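Q: Dropping a prediction and its sequence here:
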Amino acid sequence: MTELVAVPDEQMPNLYVVKWEGHGGGKVPQQLEGFFSTRLKAKLKIEAYHNRPKPKPIEYKGTKKITDEEEAEMFKEVQEKVEAINNGKKQKEKSKNKS
């Protein structure tokens, strides 16, 4: 079985790194990357990683009430409105820069 363990670093043996023990460990989680000054600090960080709250899966209770075509049409309308607003802002910036 593979598990996360704290071991001395190969290049700097006075510091510790977290690695997988066993075969096929894979990549160490981002929260556990880096160097630790003591083995105890590394072990505490590993324990905190194992005890972190797990995100709950999102349950979608509603269903989509419009068709894909209606959604695409609405998206196109919103894009046109945004472009018009952005073009208006650009015109204002140009007129401010001229004065």
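A: Received it, and whenever you're ready, just let me know what you need.

Q: If you count neighbours, what's buried in the helix or strand encompassing E83?
A: Using DSSP states H and E, the element containing E83 is helix 68-98. Buried positions in helix 68-98, judged by neighbour count with 16 or more other C-beta atoms under 10 Å: none. The way it works is simple: take the backbone N, C-alpha and C, and place the C-beta from them, glycine included.

Q: Same question for stretch 7-17.
A: Buried residues in stretch 7-17 (16+ other C-beta under 10 Å): 16-17.

Q: What of stretch 45-54?
A: In stretch 45-54, counting by 16+ other C-beta under 10 Å, buried: 45-46.

Q: start to end distance for that stretch?
A: One end of stretch 45-54 to the other measures 16 Å (C-alpha to C-alpha, to the nearest Å).

Q: Could you give the average pLDDT over that stretch?
A: On average, the pLDDT along stretch 45-54 is 92.

Q: ok, residues contacting that stretch?
A: Outside stretch 45-54, the residues that touch it by C-beta atoms under 8 Å, 6 or more residues apart in numbering are 4-6, 18, 29, 31-32, 36.

Q: Check those for burial and list the buried ones.
A: 4-6, 18, 32, 36.

Q: Save the residues you listed as TSV, and put in secondary structure too.
A: Converted to TSV, the buried ones among the contacts of stretch 45-54 look like this (DSSP: H, G, I helix; E, B strand; the rest coil):
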residue	secondary structure
L4	strand
V5	strand
A6	strand
V18	strand
L32	helix
F36	strand
